[in-house]
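> how would this look folded up:
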Amino acid sequence: MKLYVRILLAILCAAMVLAMPFALSSPRMLDEPQWMILDQLEGDESGLLSFLLPAARAEADDNVIVEAEYALPIDFTPGYKPNPDGYTDWGYEDDSIRVQMETREENGVIWRIAWVEVASPTQLRTAIAGKKITSKTTARVAAMAEKNNAIVALSGDNFVDNPSATSYEYRMGQKLRNKSNKLRDILIIDEKGDFHTFIRSKGVDDFEGTIVNAFTFGPALVQKGELLTTDKEYKYNPNGKEPRAAIGQLGTLSYVMVIAEGRGESTGVTHQGLADFMYSLGCIEAYNLDGGGSAAMVYQGEYFNDLSSSERSLSDIIYFATAVPDGGN
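Residues are numbered from 1 along each chain as shown. Prediction:
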């Protein structure tokens with residue numbers, strides 16, 4: 001290599017080294033959990049970052065092992081207890097999870113939103129009110145959330161209200177029923193934490209992945225990044241303005257839980273209104289869960305939405321938990 005080329009490369013490297021403290025101190029970088037920042041180093045095929053930041057490279061390599069530790073069992077074991085110091089004015093954060101809570105008011109509707117990013121798909125969990133999946137027991141969402149150390153929890157599909165043998169229900173890898181009925185949309189969550197929606201159950205019997213959780217309620221709201229036109233003949237009062245609950249996937253290990261409040265100061269929404277909102281949040285998949293008096297979100301042990309008018313006891317919840325033992329204490 002010619003001398004002047006070497007000199008130019010040396011100047012360029014020196015400039016990058018000098019700029020690195022400013023890049024690493026940017027607000028976006030400070031706002032990212034450490035495990036997310038280190039993931040970006042995995043794409044350093046040139047080796048330049050490894051040369052400039054050998055310590056960071058070594059930590060990124062170790063991160064593969066660390067992330068393997070961020071895993072909870074696929075069963076009904078509760079998550080670890082959150083670290084009280086992990087709660088902030090806007091949410092919760094530790095090395096395995098980041099939760100951001102938000103309230104919006106748009107066109108007379110009060111929206112309660114939980115943005116969630118996790119290190120492991122096992123942190124997206126479900127819990128049941130009874131000791132067995134076949135139990136008919138129900139409980140308050142807050143009680144189930146507390147019992148399972150949930151950082152944030154959402155009402156599920158209340159499968160005890162669907163005694164039909166033709167529904168699709170899995171919880172934490174356990175099968176309750178796996179029959180499609182051609183009338184309801186189905187949501188499957190696989191071992192990678194990815195969502196798969198099936199319109200009127202079409203195609204669900206051909207699913208080849210590992211099913212961790214599956215729900216029969218619906219309708220599906222967003223599918224493969226496309227906004228869906230909801231069926232005006234679907235069950236659950238599709239055209240009425242009701243309290244609604246929904247969950248969506250934004251990307252890999254990135255999710256959003258939503259409640260549209262109703263029957264009070266908030267007007268509630270139709271199925272299509274809920275679909276439009278979930279799509280506006282950037283969901284690639286989104287699904288409607290049990291609403292009305294069942295629609296409930298719990299954060300830090302308290303209801304995040306207004307349940308002053310009514311609250312139903314349910315059979316199940318969807319929740320997110322920390323995978324850091326003792327919350328990192």
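> specify the beta-bridge partners of residue 289.
According to DSSP bridges, the residues that bridge with residue 289 are residue 245.
> so who does it touch?
Listed by Cβ atoms under 8 Å, 6 or more residues apart in numbering, the contact partners of residue 289 are 154-157, 215, 217, 245-247, 295, 318. (Glycine included, C-beta is placed from N, CA and C.)
> of those residues, which is the nearest to residue 262?
The shortest gap between residue 262 and any of the contacts of residue 289 belongs to residue 295, at 8.1 Å (Cβ to Cβ).
> and the closest one, its phi and psi?
Main-chain torsions, residue 295, degrees, to the nearest 10: phi -70, psi 110.
> what is the burial count for it?
The number of residues packed around residue 295, counting by other Cβ atoms under 10 Å, is 27.
> next up, the contacts around it.
Taking Cβ under 8 Å, 6+ apart as the criterion, residue 295 is in contact with 155, 243-245, 259-261, 289, 305.
> what about 6 Å?
Under the criterion of Cβ atoms under 6 Å, 6 or more residues apart in numbering, the contact list for residue 295 reads 155, 243, 245, 259.
> want to throw these into a markdown table with pLDDT, neighbour count and distance to residue 134?
Supplementary listing: the contacts of residue 295 in a markdown table, determined by pLDDT from 0 to 100; neighbours: other Cβ atoms under 10 Å; distance: Cβ to Cβ, whole Å:
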| residue | pLDDT | neighbour count | distance to residue 134 |
| --- | --- | --- | --- |
| 155 | 96 | 29 | 20 |
| 243 | 95 | 25 | 29 |
| 245 | 97 | 28 | 24 |
| 259 | 98 | 28 | 29 |
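> hang on, the earlier thing: mind checking which of the contacts of residue 289 are in strands?
Counting by DSSP state E, the members of the contacts of residue 289 that fall within strands are 154-155, 215, 217, 245-247, 318.
> surely residue 173 meets residue 212?
Yes. The criterion here is Cβ atoms under 6 Å, and residue 173 meets it with residue 212 at 5.5 Å.
> neighbour-wise, which of the two wins?
Shown here are residue 173 and residue 212; by other Cβ under 10 Å, residue 212 has more neighbours (22 against 15).
> assign that one to helix, strand or coil.
The assignment at residue 212 comes out as strand when based on DSSP: H, G, I helix; E, B strand; the rest coil.
> good, wrapping up.
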